[in-house]
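Peer 1: quick one, what's the 3D model for this:
(chains A, B and C)
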Amino acid sequence: MSSSKQPAPSSHLVILEAVKRVPCGRVATYGLIAKVAGLDGQPRLVGYALRHATDEVPWHRVVNAQGRISPRADPACIPLQRTLLESEGVEFGLGERIDLRRYLWKPRLRRTDED
DNA sequence: ATTATGACTGCAG
DNA sequence: TCTGCAGCCATAA
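Peer 2: Take a look at the predicted model:
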């Protein structure tokens, strides 16, 4: 194998790219994003990456495995995220919960395929 | 170099 | 339904 220098892409980069793949009207869990990003089993890294995320990334489409908005440093973002999702057609149930059975994004695990 | 914390998850009680 | 514990990696001090 060629001993090329592996730039060792920051996990954040692939994570942000994975989040960008989430289609409108759909939501993804941290674990799912981690898996798509090749970091299967490290959902915490997704949270860290999203913290560095910008408007270029649909961070609002990322929720926890409970279908709820995870508590973050800025509580003002909670109603914002909920509003953004509702504007995309995602319904919230009681307890501010989302039905993942219906709105969870199902990525195709294919190489030559994008969303 | 080490320690503590975090936008998480899964399982047990 | 909720709470607590352990595991994983990156960032900050």
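
Peer 1: for the rest of this, base every contact and every neighbour count on C-alpha atoms.
Peer 2: OK.

Peer 1: what does chain A have sitting close to DNA strand B?
Peer 2: Near DNA strand B, the residues belonging to chain A are A:29-31, A:42-48, A:50-51, A:53, A:59-60, A:62-66, A:70-73 when assessed by CA under 7 Å from any atom of the strand.

Peer 1: among these, name the buried ones.
Peer 2: A:29-31, A:42-43, A:45-47, A:50, A:53, A:59-60, A:62-65 (16 or more other CA atoms under 10 Å).

Peer 1: if I look at A:Gly95, how far off is A:Gln66?
Peer 2: As judged by CA to CA, to the nearest Å, A:Gly95 and A:Gln66 stand 11 Å apart.

Peer 1: out of the buried ones among the residues of chain A next to DNA strand B, which are close to DNA strand C?
Peer 2: Within these, those near DNA strand C by CA under 7 Å from any atom of the strand are A:42-43, A:45.

Peer 1: CSV for the residues you listed, including pLDDT and secondary structure?
Peer 2: Shown next, in CSV, are those (pLDDT from 0 to 100; DSSP: H, G, I helix; E, B strand; the rest coil):
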residue, pLDDT, secondary structure
A:Gln42, 91, coil
A:Pro43, 94, helix
A:Leu45, 93, helix
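
Peer 1: got CSV for those residues, with distance to A:Asp99 too?
Peer 2: Shown next, in CSV, are these (distance: CA to CA, whole Å):
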residue, distance to A:Asp99
A:Gln42, 23
A:Pro43, 20
A:Leu45, 24
